[in-house]
Each structure stands twice: as C-alpha cells, then as structure tokens.
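Peer 1: Show me how the following folds:
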Amino acid sequence: MYLWLIAFHLIAVVCWFAALFYLPRLFIYHSLSDDQISIERFELMERKLFYLIANPAMIGTVILGIWIFLLAPQTYLGQKWFLVKIILVVLLIGYHHVCLAYMKKLAKNHKFKSHKFLRVFNEIPVLFLFGIIILAVVKPF
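Peer 2: Presented below is the predicted three-dimensional model:
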C-alpha cells in the first residue's frame with residue numbers, strides 16, 4: 001500500500017506543478033489581451049484550471065503526503081532534508097494562493113501587472129520543483 005500512496009502522491013504532484021506552470025502563462029496572455037472575447041476566454045480558462053486541476057491536485061498532494069508520513073514517521077522525523085522540503089511545500093502552497101489572488105485581480109483589471117512581471121512570476125514554480133525533487137531524491141543533508 002505504501003508504494004501505491006507514493007505513486008498517487010507523485011501523480012498529484014505532477015498535476016499540481018503542471019497547473020502552476022500553465023496558470024501564470026495564462027496570466028501573461030490575459031494581461032496582453034485587448035478584446036473582451038479574449039479576456040473572457042482567459043478568465044474562464046484560468047478559473048477552470050485553478051478550481052478543477054490545481055486545487056484538487058494540491059489537496060491530493062498534501063493529503064497523500066501526510067498519509068505517507070503517518071505510515072512511517074520515523075523515516076522522516078529528525079531529517080533536515082525533510083524539514084526543508086516541508087518548508088518549500090508550505091511556500092509553494094503560498095504561491096498557489098498568490099495565483100488565486102492574481103486570478104481574481106486580473107478578472108477585475110487585466111492590466112494590474114505587466115506581462116514582464118508575470119513572465120518572471122511564471123518561473124518561480126521551477127525553483128520549487130528543483131528544490132523539492134532534489135531534497136526528496138538525493139536527501140543532501
């Protein structure tokens with residue numbers, strides 16, 4: 001059962017990151033849109049991506065991660081890599097919620113952030129991905 005939980009946890013992680021990579025990309029296109037049809041299309045795409053993919057994937061990732069931890073806490077407790085990984089996951093959850101806030105602000109004013117700012121914002125999940133995967137696989141400390 002333990003390996004099944006890890007498999008489904010990884011599937012949820014992949015889905016979550018896919019959503020977090022694509023949602024800010026939609027923000028960029030949204031901020032560059034000038035016609036009402038495009039703006040409404042991006043708002044719909046953002047809402048569906050966030051509420052139907054990103055949120056369930058985040059919830060699944062967290063629940064499955066906690067379940068895996070509870071099955072073998074001795075494996076993780078006291079491990080520095082695990083503590084840093086948890087901190088990164090908490091920060092990633094924060095990024096997820098910033099995406100929600102940006103989605104709502106874009107719906108009110110599609111020019112509230114420049115496309116250049118959003119292009120940089122779009123790259124942040126990559127840093128989380130590298131850190132979390134390296135910590136979980138390599139366990140450098």
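Peer 1: pull the helix or strand with minimum mean pLDDT from this protein.
Peer 2: Here the helix or strand of the chain ranked lowest by mean pLDDT, DSSP states H and E is helix 73-76, holding a mean of 94.
Peer 1: Would you mind pulling up the elements that the very next helix or strand once past it packs against?
Peer 2: Downstream of helix 73-76, the next assigned helix or strand under DSSP states H and E is helix 80-108. Contacts defined by 3 or more CB pairs under 8 Å, 6 or more residues apart in numbering; DSSP states H and E place helix 80-108 against helix 2-32, helix 36-48, helix 55-71, helix 115-138. (Glycine included, C-beta is placed from N, CA and C.)
Peer 1: Mind doing that once more with 10 Å?
Peer 2: Helices and strands touching helix 80-108, by 3 or more CB pairs under 10 Å, 6 or more residues apart in numbering; DSSP states H and E, are helix 2-32, helix 36-48, helix 55-71, helix 73-76, helix 115-138.
Peer 1: for it, what is the average pLDDT?
Peer 2: Helix 80-108 comes out with an average pLDDT of 98.
Peer 1: mind listing what's buried in stretch 92-105?
Peer 2: Using 16 or more other CB atoms under 10 Å as the test for burial, stretch 92-105 gives 92, 96, 99, 102, 103.
Peer 1: do the same with stretch 45-56
Peer 2: 46, 49, 50, 53, 54.
Peer 1: surely the third one meets residue 26?
Peer 2: Yes: contact criterion CB atoms under 10 Å: residue 50 and residue 26 qualify, at 9.5 Å.
Peer 1: intersection of neighbour lists for these two?
Peer 2: Jointly contacting residue 50 and residue 26 under the rule CB atoms under 10 Å, 6 or more residues apart in numbering are 99, 103.
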